[in-house]
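In: Here's my sequence, what's the structure:
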Amino acid sequence: MTGWSQALSGHPSAAEGETKTFTGNRGLQIEEKLIFEQDSPGHCGVDLPEPPPHESRLGGLERKTPIGLPGLSEPQIVRHFTRLSQKNYAIDSGLYPLGSCTMKHNPRLNEKLARLPGFADLHPLQPETTTAGALELIDTLAHWLKTLTGMPAVALSPAAGAHGELCGMMTIRAALSARGDARQRILVPESAHGTNPATAASCGYAIDNIAANARGRVDLAALKASLGSDVAALMLTNPNTCGLFEDEILEIAAAVHAAGAFFYCDGANFNAIVGRVRPADLGIDALHLNLHKTFSTPHGGGGPGSGPVVLAASLAPYAPLPWIVHGDNGLGLVERAQGPAAKSIGRLKGFHGQMGMFVRALSYMMSHGADGLRQVAEDAVLNANYLRVRLADALSQSYPGACMHEVLFDDRFLKDTGVTTLDFAKALIDEGFHPMTMYFPLVVHGALLIEPTETESKAALDQFADTVNGLAARAKSGGAAGFQAAPRLTPRRRLDETNAARKPLLRWRPPQPRQEAAE
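Out: Numbers count the residues shown, from 1 in each chain. As a prediction, the model looks like this:
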């Protein structure tokens, strides 16, 4: 173990009593130095000829000292990054109980199609006449998004969920301004995603929180009491962050519209209802969809996001540019706020959106079909409720009854055990599982939010449930010390969080010569 990595971990890598090795390796778990610590002067992964003599154009700004990169051979570099990749937990390794918000199975077919020539190498500035196929793909995707939601219009350019929220709120503000009705407040339930109030505030609105009832849903009476002529919109997440469907949503929509306000819905959890419920039928005026969650390539994979916004007829004229339109000569683009797009809020991005995400999403839709998309929602809800029942006796469910695509527990089952939610998560790592979402949503104390997604088998769910039940039994039987020391089997032990916060080491520095250090 290096001094740098040891300082990061605060603990030895090997558990007490464990056999120590000469190398520090543990089987095939290689003790890996930082790439700078592997510096071997003179080594290089490429062999390039000396450049011919040339006149410098740097005007005296040439580098006077070495650049400081480590010297490594090609095998060293390949081994380094391969070993690092093997220390990562991935959806290809096992179940991710924190769900589609971060990671679920991504069919490889979608990746293959996104890399096809003509899609992967498109340039946003190439002539429109050379992009007919891409425009048709985008238009087809838009058609199916409108069909699945029941909405007449969709804006495809927003880059991700929060950007979609911004798009929706800007169209609402434009619609209110057009009717000469400037309003100042946005209502946001406690169970909404945290980006909702941030988005509303960035648009200049004041935020009023709406309390939840004892069932973890919007308190309808509190909502009605907060409505008034100065309310611009309600921003509701459905299913909400507690994994629950807002079963009074029709009454909510009616009350919001009666007050002259708009109903914005955060559709980040659309994978729980896709193919089952059309948001338009619930009275929703604007809703963003995370293509990178519901329709493949979750953003935990490190790739770009895409957050299209579907709009009701009352908001459609204000949709951001560009628009794809059907004309006598086929598909075309409206790129200026004039003519039929005169009321548009303009551009939210430089170009048309994330093409790779569009290809993946349409591939996902077409390979599943209408019945397959419906099954996605049904299986996601089934899997979450299966875990809810399997874990009901050991854990404490936050709200009674069936859940949607994710099930929420809290830390009441750990009361008087000396084990915290964080301790429980760390112990789960030793069992070979990535922990579930911890301490979120904030509406319950010590939250454990589990979303198994639709692609996990019963065998995988049973193994996970058996592990969680076993850990809960161990915590209740006086095993706090073991939890507080977890994880014990990882390349690094638990971080000394207090010391790390007070004395953070944010940069690696080469060891100083002893004489220089003494000075």
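
In: for the stretch 101-250 of the chain, what spans make up the strands?
Out: Using DSSP state E, counting those that start in this stretch, the strands of the stretch 101-250 of the chain run over 153-155, 185-189, 206-210, 231-237.

In: which regions of the stretch 1-150 of the chain lie under the pLDDT threshold?
Out: In the predicted model, the stretch 1-150 of the chain carries pLDDT under 70 at residues 1-18, 100-102.

In: Let's see that with 50 instead.
Out: Along the stretch 1-150 of the chain, the parts satisfying pLDDT under 50 run over 1-14.

In: Could you dump the strands of the stretch 101-250 of the chain into TSV and include mean neighbour count, distance to A225 and mean pLDDT?
Out: In this view, the C-beta of every residue, glycine as well, is placed from N, C-alpha and C. Shown next, in TSV, are the strands of the stretch 101-250 of the chain (neighbours: other C-beta atoms under 10 Å; distance: least, C-beta to C-beta, whole Å; pLDDT from 0 to 100):
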stretch	mean neighbour count	distance to A225	mean pLDDT
strand 153-155	23	33	97
strand 185-189	25	11	97
strand 206-210	16	9	96
strand 231-237	26	11	97
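
In: For the residue lying farthest from the centre of the chain, give its distance to R63.
Out: Within the chain, P53 marks the point farthest from the mean C-alpha position, 50.8 Å out by C-alpha atoms, centre = their mean. Distance, P53 to R63, by C-beta to C-beta, to the nearest Å: 18 Å.

In: mind listing the helices for the stretch 351-500 of the chain?
Out: Using DSSP state H, counting those that start in this stretch, the helices of the stretch 351-500 of the chain run over residues 355-391, 421-430, 458-476, 480-485, 497-502.

In: Kindly report the same for the stretch 201-350 of the chain.
Out: Under DSSP H, counting those that start in this stretch, the stretch 201-350 of the chain gives helices at 220-226, 249-258, 291-294.

In: which of those has the lowest average pLDDT?
Out: Across the helices of the stretch 201-350 of the chain, helix 291-294 has the smallest mean pLDDT, namely a mean of 89.

In: Distance-wise, check G243 relative to V443.
Out: Using C-beta to C-beta, we find G243 at a distance of 12 Å from V443.

In: So between those two, which is more surrounded?
Out: With neighbours defined as other C-beta atoms under 10 Å, G243 and V443 compare such that G243 has more, 28 against 19.

In: wait, that one sits on C403?
Out: Yes: using C-beta atoms under 8 Å, G243 is in contact with C403, at 4.4 Å.

In: what residues are shared contacts of these two?
Out: Common neighbours of G243 and C403, counting by C-beta atoms under 8 Å, 6 or more residues apart in numbering, are A384.

In: Go through the strands of the stretch 101-250 of the chain and name the closest to A394.
Out: strand 231-237 (28.1 Å; C-beta to C-beta).

In: Show me what that closest one is packed against.
Out: Judged by 3 or more C-beta pairs under 8 Å, 6 or more residues apart in numbering; DSSP states H and E, the packing partners of strand 231-237 are helix 161-178, strand 185-189, helix 195-202, helix 249-258, strand 262-267.

In: now the helices for the stretch 51-200 of the chain?
Out: Counting by DSSP H, counting those that start in this stretch, the helices of the stretch 51-200 of the chain are 74-86, 108-114, 132-149, 161-178, 195-202.

In: winner for burial among those helices?
Out: Neighbour counts (mean count of other C-beta atoms under 10 Å) averaged over each of the helices of the stretch 51-200 of the chain peak at helix 161-178, with a mean of 23.

In: by how many degrees do it and strand 231-237 diverge?
Out: Using axes from the mean of the first three to the mean of the last three C-alpha atoms, to 10 degrees, the inter-axis angle of helix 161-178 relative to strand 231-237 is 160 degrees.

In: Show the pLDDT at P513.
Out: The per-residue pLDDT of P513 was computed as 69.

In: picking up where we left off before, generate TSV for the helices of the stretch 51-200 of the chain, with distance to Q354 as supplementary columns.
Out: Converted to TSV, these look like this (distance: least, C-beta to C-beta, whole Å):
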stretch	distance to Q354
helix 74-86	25
helix 108-114	10
helix 132-149	11
helix 161-178	11
helix 195-202	18
